[in-house]
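J.: Have a look; sequence and predicted model below, questions after that.
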Amino acid sequence: MSDKIHRFIFDSFGIRGELVQLEDSVQRMLQDHNYPPLIADLLQQVAAAAILMTTTLKFEGRLSIQLQTNSALKLLVVQCNHKLGFRGIARLDKEKSLGDSTFKELTQNGKLSITIEPKKGKRYQGLVALEKNNFAQCIEEYFNQSEQLRTRIWLFNNDRRVTGLMLQALPDMLSQDSFDHLVYLAQTLTEEECLTMDASILLHRLFHEEKVRNLLVEEVKFNCGCSRKKMLNSISLFPNEEIEEIIKTKGHVAVKCEFCLAQFKFKRVDIKAHQAMSSNQSLH
Ligand SMILES: [Zn+2]
């Protein structure tokens with residue numbers, strides 16, 4: 001199973017759909033983080049939802065989904081760019097126990113925020129309360145509130161992969177009945193089918209009697225986007241004395257990317273060269 005998103009449209013109904021399946025990319029996101037299974041499951045589902053949502057954007061930029069709660073899950077973030085490269089992280093409060101929490105218990109009184117940052121233009125942020133039984137319902141609620149487009153989302157995962165299906169009414173939707181009809185078909189899918197069958201077989205199995213037009217199939221990748229340069233930028237925000245102090249004791253400054261856990265080491269000469277370059281650039 002490769003990591004792809006399939007987009008399709010029911011022209012005569014005015015309804016569009018997307019089906020995403022992720023395996024390698026979500027495994028890369030989870031790698032070495034040792035998340036408890038409940039959190040790893042949720043991260044996979046949020047990643048699939050982020051891909052489904054990013055595909056609906058009509059511009060270059062980045063979409064972030066963020067969950068903040070008062071439970072053991074302090075923060076969960078997935079960021080996805082228009083090239084469908086994503087990364088994600090969860091932060092837990094070690095003082096609090098996860099136990100066998102359900103999604104609802106885990107996210108009680110929490111907030112879901114969706115931020116869209118176009119390369120050109122204004123940043124947009126939408127907020128919804130996390131008060132549903134599963135994450136897919138929270139995203140549906142977001143679409144209902146913010147875009148007022150009827151949307152249904154199904155997310156299924158196991159410890160290896162995640163599958164997400166979305167149906168969305170277009171402004172020219174033929175009728176409510178046509179949407180209900182496609183939802184009825186989608187609901188015949190079992191979790192096992194979603195996680196074992198390839199996307200094209202799933203789509204055929206669901207909609208072969210409908211007039212459905214396949215649009216794009218796009219590849220999805222884990223892409224952290226961190227780099228030596230970005231890390232140097234963040235180091236430069238610390239006071240010089242502090243940097244010197246670390247170099248004196250350790251010989252270098254070591255930084256770890258919190259998303260992909262990549263390690264970066266910088267010697268004094270690297271930091272000085274970066275500082276000189278940045279101050280040079282700011283003069284021009
Ligand atoms: Zn990274």
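T.: Done, it's in. Numbering: from 1, shown residues only.
J.: For the ion, give me its nearest residue in the stretch 51-200 of the chain.
T.: Taking Cβ to the ion, the ion has its nearest neighbour within the stretch 51-200 of the chain at residue 87, 6.8 Å off. (Glycine included, C-beta is placed from N, CA and C.)
J.: is it fair to say that residue lies in a strand?
T.: Yes - under DSSP: H, G, I helix; E, B strand; the rest coil, residue 87 falls within a strand.
J.: I'd like to know how far it sits from residue 98.
T.: Note on residue 87: its distance to residue 98, by Cβ to Cβ, to the nearest Å, is 23 Å.
J.: Could you do residue 181 as well?
T.: Counting by Cβ to Cβ, the gap from residue 181 to residue 98 is 40 Å.
J.: And for residue 37?
T.: Taken as Cβ to Cβ, the span from residue 37 to residue 98 is 9 Å.
J.: Of those two, which one has the most company?
T.: residue 98 (17 against 9; other Cβ atoms under 10 Å).
J.: can you count the residues close to residue 156?
T.: Residue 156: 21 neighbours (other Cβ under 10 Å).
J.: Let me know the helix or strand that it is in.
T.: Assigned by DSSP states H and E, residue 156 falls within strand 151-157.
J.: For residue 114, give me its contacts.
T.: By Cβ atoms under 8 Å, 6 or more residues apart in numbering, the residues touching residue 114 are 53, 63-66, 125-127, 142, 146.
J.: Tell me the one among the residues you listed nearest to residue 224.
T.: residue 64 (13.9 Å; Cβ to Cβ).
J.: and the closest one, how many neighbours?
T.: Residue 64 has 18 nearby residues by other Cβ under 10 Å.
J.: List, one by one, the residues from the protein near the ion.
T.: Residues of the chain lying close to the ion by Cβ under 5 Å from the ion are 224, 226, 257, 259-260, 262.
J.: Among the residues you listed, name the buried ones.
T.: Neighbour counting by 16 or more other Cβ atoms under 10 Å classes 224, 226, 257, 259-260 among these as buried.
J.: rewinding a little: pick out the most distant pair among the residues of the chain next to the ion.
T.: Pairwise over the residues of the chain next to the ion, using Cβ to Cβ, the maximum falls at 259 and 262, 8.5 Å.
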